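Peer 1: Generate a structure from the sequence data that follows.
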Amino acid sequence: MAVQAQQQQHSENLGISFCGSSSQEWMMENNNACGGGGFDQPLYLSLQQQQLFQQQQQQMMLQNQQRNFSNQNIMGFDYCGQQLVSTSNNNIHDSSSLHSSMAFTQSLLSQVEKQQRQEIDRFVALQNERLRLALHEQRKQQLAVMLASLESKAVNLFQQKNDQLSEATKKTMELEECLRKAEMENQVWQRIAKENEAMVIALHNTLDQVKENVYCHSSVAEDAGSCCDNYDDNNVHNNPEPEQVDENSLMMMNKIVCKGCNSRDSCILLFPCRHLCLCKSCDAFSSHCPVCKCVKNGSMEVYMSMP
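Peer 2: Numbers count the residues shown, from 1 in each chain. Model prediction:
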């Protein structure tokens with residue numbers, strides 16, 4: 001009977017050790033899995049504490065079993081009935097302690113599992129936060145690069161527009177200067193045109209006067225040549241003598257003759273004195289008016305038709 005009790009107790013010890021080893025193996029696998037996943041150090045320490053606690057519990061159970069086994073050996077020498085009773089009582093006590101240890105182990109495992117889940121949740125939340133911060137920083141860097149690129153393009157575009165504006169301003173100033181010069185030239189040409197118009201009018205008046213004088217002198221000469229000898233004294237005194245008419249004609253011819261060569265007719269009007277006193281040949285070599293000695297700054301050819 002004592003041998004059967006020892007075998008039964010040995011089998012129970014093997015069952016307890018198997019249960020403890022299986023729980024330790026399960027915890028080591030979880031620990032390896034968690035360690036491979038990159039959990040933090042506090043979880044690993046809690047698992048070590050749990051393993052130490054389980055080892056202490058197994059040692060206490062072994063001590064209790066040894067103590068029970070010694071008690072069974074002492075009581076085995078009394079009598080068989082008492083030994084059977086004590087053996088059954090010990091078996092009941094061992095089974096109750098085994099159930100209590102298994103319940104405690106299950107509760108401990110549930111707590112460990114709960115703690116592991118909490119650690120996993122915290123790890124996932126931490127990784128999510130890190131990922132969010134990394135994405136935010138990457139987006140911020142991309143926006144900074146994009147902003148720098150747009151800023152450089154804007155600066156280049158602004159510089160180009162500024163250069164175009166300065167060039168357009170320069171061209172506008174040049175056009176305004178050209179317009180101002182054109183207006184001044186227009187005014188000068190208008191003034192010259194007015195002066196030429198006034199000069200033409202004066203020349204026409206001068207030509208008309210010359211024509212009238214020549215016509216008057218020629219008509220007087222004709223009248224004098226066609227007059228008869230039976231004039232009375234009043235007609236003689238009223239009409240000019242031929243010699244006087246010839247003198248006037250000579251004076252008029254002297255006025256028309258060129259003052260440079262005294263041979264050809266005057267056909268060049270000098271400016272600014274407006275003297276009709278040179279021919280076309282003498283005008284090319286003359287720089288002063290031969291009448292008033294004024295410096296010549298221009299000349300104009302005049303065509304006169306004698307009536």
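Peer 1: Any regions of the stretch 151-300 of the chain where pLDDT drops low?
Peer 2: Low-confidence regions of the stretch 151-300 of the chain, defined by pLDDT under 70, span residues 214-255.
Peer 1: Now do the helices in it.
Peer 2: With helices called from DSSP state H, counting those that start in this stretch, the stretch 151-300 of the chain shows them at 233-238, 242-256, 280-283.
Peer 1: Not counting sequence-adjacent ones, nearest residue to residue 287?
Peer 2: Among residues not flanking residue 287 along the chain, residue 296 sits closest, at 5.7 Å (CB to CB, 6 or more residues apart in numbering). (C-beta placed from N, C-alpha, C; glycine too.)
Peer 1: The one you found: how many residues sit nearby?
Peer 2: Neighbour count for residue 296, taken as other CB atoms under 10 Å: 18.
Peer 1: Now do the same contact list for residue 259.
Peer 2: By CB atoms under 8 Å, 6 or more residues apart in numbering, the contact list for residue 259 reads 266, 277, 278, 290, 291.
Peer 1: Tell me how far it lies from residue 153.
Peer 2: Distance from residue 259 to residue 153, counting by CB to CB, to the nearest Å: 82 Å.
Peer 1: One more: residue 144?
Peer 2: Remark: distance between residue 144 and residue 153 (CB to CB) = 15 Å.
Peer 1: swap in residue 182?
Peer 2: 42 Å.
Peer 1: so how far is residue 177 from residue 183?
Peer 2: From residue 183 to residue 177 the distance is 11 Å (CB to CB).
Peer 1: now do residue 257
Peer 2: Relative to residue 177, and taking CB to CB, residue 257 is found at 52 Å.
Peer 1: same question, residue 116
Peer 2: 90 Å.
Peer 1: ditto for residue 139
Peer 2: 56 Å.
Peer 1: ok, now residue 193?
Peer 2: Counting by CB to CB, the gap from residue 193 to residue 177 is 24 Å.
Peer 1: Please apply the same query to residue 186.
Peer 2: For residue 186, the distance to residue 177 - CB to CB - is 15 Å.
Peer 1: Please apply the same query to residue 278.
Peer 2: Counting by CB to CB - residue 278 and residue 177 are separated by 42 Å.
Peer 1: ok, those two, which is more surrounded?
Peer 2: Legend: neighbour count by other CB under 10 Å for residue 278 and residue 177, higher for residue 278 (26 against 10).
Peer 1: What about residue 206, how many residues nearby?
Peer 2: Number of residues near residue 206 (other CB under 10 Å) recorded here: 14.
Peer 1: Count the residues that sit near residue 158.
Peer 2: Neighbourhood size, residue 158 [other CB under 10 Å]: 10.
Peer 1: Just give me the neighbour total for residue 213.
Peer 2: Around residue 213 sit 13 other residues, with neighbours defined as other CB under 10 Å.
Peer 1: wait, residue 283
Peer 2: 20.
Peer 1: can you check the one 10 residues further on too?
Peer 2: Residues lying near residue 293 (other CB under 10 Å) number 8.
Peer 1: Give me the phi and psi for it.
Peer 2: phi 60, psi 30 (degrees, to the nearest 10).
Peer 1: now do residue 261
Peer 2: phi -110, psi -10.
Peer 1: Which residue comes closest to it once chain neighbours are left out?
Peer 2: Per CB to CB, 6+ apart, closest to residue 261 is residue 282, 5.7 Å.
Peer 1: That neighbour against residue 263, yeah?
Peer 2: No - using CB atoms under 8 Å, residue 282 makes no contact with residue 263, being 9.9 Å away.
Peer 1: Same drill for those two, tell me which one is more crowded.
Peer 2: residue 282 (19 against 10).
Peer 1: who are the neighbours in contact with that one?
Peer 2: Contacts of residue 282 by CB under 8 Å, 6+ apart are 258, 260, 261, 264, 268.
Peer 1: excluding its backbone neighbours, what's nearest the first one?
Peer 2: Using CB to CB, 6+ apart and skipping residues adjacent in sequence, the residue nearest residue 258 is residue 279, 4.0 Å away.
Peer 1: residues near that neighbour, how many?
Peer 2: Based on other CB under 10 Å, the number of other residues close to residue 279 is 21.
Peer 1: which residues sit in contact with it?
Peer 2: Residue 279 neighbours (CB under 8 Å, 6+ apart): 258, 260, 261, 264, 265, 266, 267, 268.
Peer 1: Please identify which of those residues is nearest to residue 58.
Peer 2: Using CB to CB, residue 268 comes nearest to residue 58 of the contacts of residue 279, at 149.4 Å.
Peer 1: I am finished for the moment; much appreciated.
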